[in-house]
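> The sequence and its predicted three-dimensional model are supplied below.
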Amino acid sequence: MAFTFHRIPVGIDNCYLLRGEQTVLVDGGAPGGFPDFERGLQALGIDPAEIKLILLTHAHADHIAALAQMKTLTGAPVAVHRNERAWAESGNPPLPPGVNLYGKIMIGLAKRLYRPDIEPVKVERAFGDEGFSLAEYGIPGQVIFTPGHSPGSASILLDSGEVFVGDTAMNAWFLRLTPGLPILAEDMEKVIESWQTLIAQGAKTIYPAHGKAFPVEVIRREIAGRFKV
Ligand SMILES: [Zn+2]
Ligand SMILES: [Zn+2]
């Protein structure tokens, strides 16, 4: 079967379905998003049992809120970088810090309201910094460790240059008005190093978890701007 991929909006998040010889689901959906996920699968005519892996870009609350229901529906094992295994398995991940003023205000407000009530989910595959190839699923791509937004963030880079980055880039109105680097991150220097890795390995088109796709040149320009004196 020829490789294809699809975006499924799930609450404020995008999940992505990568369909090669087997199907891999990227990310576990935002709060209240499970009905969107079921509708998305139906619209694409995909049997949930086709999904053989649920791969998390990271385990912040908005990426694991529908995970338990998705796991029950599909029967698929869950993979996440080992630095965030405990977040998924406790159902109690932290909030990321704000990078700019807006991000700081947003997280300040969120902290007052934030009561994660997420069903814990067992992680079957806690991968390390070396990532892994998706060839075993018949998908032309690899999982690359790209820390910075969170300590276990990972991206999925296809051989053709499309890259699914979770929150290592953002493009949604409630986060930032234009596409670019994340406004919430544990370590911005690491975010930039991660982008240098992805660009060196051939990233061309960015598929963020929040918002629509955009070209990697946007990130390249933003990084160049930060280093201007
Ligand atoms: Zn996040
Ligand atoms: Zn997010």
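It's in. Ligands and ions are numbered 1, 2, ... in the order given.

> Can you confirm whether the worst-scoring helix or strand of the chain on mean pLDDT lies near ligand 1?
Within the chain, confidence by mean pLDDT, DSSP states H and E is lowest for helix 101-113 among all helices and strands, at a mean of 84. No. Helix 101-113 does not reach ligand 1 (CB under 5 Å from the ion); its nearest approach is 11.2 Å. Heads up, the C-betas are built off the backbone N, CA and C, glycines and all.

> oh, and call the first residue 860 from now on, that's how I've got it
With 860 as the first residue, the last one maps to helix 960-972.

> and the residue nearest the centre of the chain, bridged to which residues?
The chain has G1025 as the residue nearest its centroid, 2.4 Å off, counting by CA atoms, centre = their mean. For G1025, the beta-bridge partners under DSSP bridges are P1067.

> which residues touch it?
Contact analysis of G1025 by CB atoms under 8 Å, 6 or more residues apart in numbering lists 886, 915-917, 922, 1008, 1012-1014, 1067-1068.

> Swap in 6 Å and give it another go.
Residues near G1025 by CB atoms under 6 Å, 6 or more residues apart in numbering: 916-917, 1012, 1068.

> just the strands in the chain please.
Counting by DSSP state E, the chain has strands at residues 863-869, 872-878, 882-885, 910-914, 937-940, 984-986, 991-992, 1000-1004, 1013-1017, 1021-1025, 1064-1067, 1073-1074.

> List the buried residues of stretch 864-884.
Under the neighbour-count criterion of 16 or more other CB atoms under 10 Å, stretch 864-884 has 864, 867, 869-879, 881-884 buried.

> follow-up on the earlier one: out of the strands of the chain, flag the one nearest L972.
strand 872-878 (18.2 Å; CB to CB).

> when you scan the closest one, is anything in it near ligand 2?
No. Judged by CB under 5 Å from the ion, strand 872-878 stays clear of ligand 2, getting no closer than 6.2 Å.

> helices and strands around that strand, which ones?
strand 863-869, strand 882-885 (3 or more CB pairs under 6 Å, 6 or more residues apart in numbering; DSSP states H and E).

> contacting residues around P1038?
Counting by CB under 6 Å, 6+ apart, the residues that P1038 touches are 1030, 1073, 1077.

> what's the answer for G1039, then?
1077, 1081.

> Please tell me how far it sits from R1085.
Noted for G1039: a distance of 11 Å to R1085, by CB to CB, to the nearest Å.

> ok, now I1065?
Following CB to CB, the distance that separates I1065 from R1085 is 17 Å.

> More neighbours: these two, which one.
I1065 (28 against 10; other CB atoms under 10 Å).

> and the closest residue to the more buried one other than its chain neighbours, how many residues sit next to it?
Of all residues not flanking I1065 in the chain, A1028 sits nearest, at 5.1 Å (CB to CB, 6 or more residues apart in numbering). Residues near A1028, counting by other CB under 10 Å, number 30.

> Just the pLDDT at A1028, thanks.
Here, the pLDDT recorded for A1028 equals 97.

> And for V1088?
Reported pLDDT for V1088: 53.

> What separation do you get for the residue nearest to H922 when sequence neighbours are not counted and I923?
Spatial nearest neighbour of H922, excluding adjacent residues (CB to CB, 6+ apart): D886 at 4.9 Å. Distance, D886 to I923, by CB to CB: 8 Å.

> could I get the helices and strands packed on strand 872-878 as TSV with mean pLDDT and distance to N942?
TSV is the format used below for those (pLDDT from 0 to 100; distance: least, CB to CB, whole Å):
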stretch	mean pLDDT	distance to N942
strand 863-869	96	23
strand 882-885	98	18
